[in-house]
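Peer 1: Kindly generate the corresponding structure for this input.
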Amino acid sequence: MAAPREAGRNPLSDPAVGPRCYLPAMTTNHTGAAPDATEHLRRITADPALTRFLDWPCDFDLGRRDPVERLALPSGLPLHPIAGCGAGGTYFLCGATETTADRPVLYADSEGGATLLGENLAEALTLLISFPYWRDLDAGHPAAELESALREDHPTLDTARTTALTALSLTPLPLPEALTHLRTMATRTTPDFLPTSEEHGERYDPLLTPPDSRP
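Peer 2: Okay, the predicted model is just below:
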């Protein structure tokens with residue numbers, strides 16, 4: 001179901017990519033536990049500049065909360081849409097709203113592909129802020145080139161990125177740890193977090209290939 005991906009060197013298997021890319025902390029900051037999903041969404045909604053930065057270049061738009069179709073997880077966990085992307089994909093929180101546990105974030109595109117982006121919204125936001133081009137990384141494009149192209153289109157990227165991290169209480173980590181996180185998410189997605197279309201009964205395909213499935 002998912003569209004073919006471009007072949008090439010995959011940085012998920014080769015951490016020696018661009019030296020200028022960093023990922024914010026995955027779950028906590030230096031002062032204690034990271035804010036929960038409700039607090040993160042509140043902060044984004046209350047900060048127009050942060051909202052705009054997450055909309056572009058991060059492609060996380062709180063105004064796009066209508067999935068292209070109704071989805072269901074094999075586990076039966078409820079899916080709550082929280083944002084969308086310009087290509088028609090949707091970001092979901094997985095799990096009941098009243099739970100105090102972390103709620104994983106699932107991204108489902110409009111072409112029948114899906115992947116976990118984090119064990120909670122903090123993890124997903126850190127990935128999107130640091131690597132708006134995360135799907136191009138998976139397609140094999142060098143991180144340094146993608147980062148350079150992004151900076152050409154967004155001259156104030158460093159300032160905007162730092163401001164976003166501060167607003168969301170997130171701190172940076174080196175790229176190799178981010179790539180480890182992506183490999184972990186690829187593995188965690190299958191099979192429990194691959195959704196099925198409620199209308200057509202077709203299961204979505206993984207957007208990221210688990211490391212042990214790569215040639």
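Peer 1: Any regions of this protein where pLDDT drops low?
Peer 2: By pLDDT under 70, the low-scoring segments of the chain are 1-34, 173, 212-215.
Peer 1: all helices for it, in order.
Peer 2: Taking DSSP state H to define them, one finds helices in the chain at 37-46, 48-55, 121-130, 134-138, 143-153, 157-167, 175-189.
Peer 1: Of these, flag the one that's most buried.
Peer 2: Stretch with highest mean neighbour count among the helices of the chain: helix 121-130 (a mean of 26; mean count of other Cβ atoms under 10 Å). C-beta coordinates here come from the backbone N, C-alpha and C atoms, glycine included.
Peer 1: So which other helices or strands are in contact with that one?
Peer 2: Packed against helix 121-130 by the contact rule (3 or more Cβ pairs under 8 Å, 6 or more residues apart in numbering; DSSP states H and E) you find strand 22-24, helix 37-46, helix 48-55, strand 105-108, strand 113-118, helix 157-167, helix 175-189.
Peer 1: With distance to Leu137 as added columns, please give the ones you listed in a markdown table.
Peer 2: Shown next, in a markdown table, are the helices and strands packed on helix 121-130 (distance: least, Cβ to Cβ, whole Å):
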| stretch | distance to Leu137 |
| --- | --- |
| strand 22-24 | 11 |
| helix 37-46 | 23 |
| helix 48-55 | 19 |
| strand 105-108 | 14 |
| strand 113-118 | 12 |
| helix 157-167 | 16 |
| helix 175-189 | 8 |
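Peer 1: of all these, which lies closest to Ala143?
Peer 2: Nearest to Ala143, of all the helices and strands packed on helix 121-130, is helix 175-189, at 6.7 Å by Cβ to Cβ.
Peer 1: Surely Cys94 touches Phe193?
Peer 2: Yes. The criterion here is Cβ atoms under 8 Å, and Cys94 meets it with Phe193 at 6.9 Å.
Peer 1: Tabulate the helices of the chain (CSV), appending distance to Pro78.
Peer 2: Putting the helices of the chain into CSV (distance: least, Cβ to Cβ, whole Å) gives the following:
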stretch, distance to Pro78
helix 37-46, 14
helix 48-55, 24
helix 121-130, 16
helix 134-138, 25
helix 143-153, 34
helix 157-167, 28
helix 175-189, 17
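Peer 1: Out of these, which gets nearest to Pro74?
Peer 2: Among the helices of the chain, helix 175-189 sits nearest to Pro74 (Cβ to Cβ), with 11.3 Å.
Peer 1: counting contacts, what elements does that closest one pack onto?
Peer 2: strand 22-24, strand 113-118, helix 121-130, helix 134-138.
Peer 1: Using CSV, write down the CA coordinates of that helix.
Peer 2: Output of helix 175-189 as CSV, limited to C-alpha atoms (Å, rounded to 0.1, in the frame of the first residue of the first chain):
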residue,chain,number,x,y,z
LEU,A,175,22.4,12.3,16.2
PRO,A,176,23.5,8.7,16.8
GLU,A,177,21.1,8.5,19.7
ALA,A,178,18.3,9.8,17.6
LEU,A,179,19.0,7.2,14.9
THR,A,180,18.9,4.5,17.6
HIS,A,181,15.5,5.9,18.6
LEU,A,182,14.2,5.6,15.0
ARG,A,183,15.4,2.0,14.8
THR,A,184,13.6,1.3,18.1
MET,A,185,10.4,2.9,16.8
ALA,A,186,10.6,0.9,13.6
THR,A,187,10.8,-2.3,15.6
ARG,A,188,8.1,-1.3,18.0
THR,A,189,5.6,-0.5,15.3
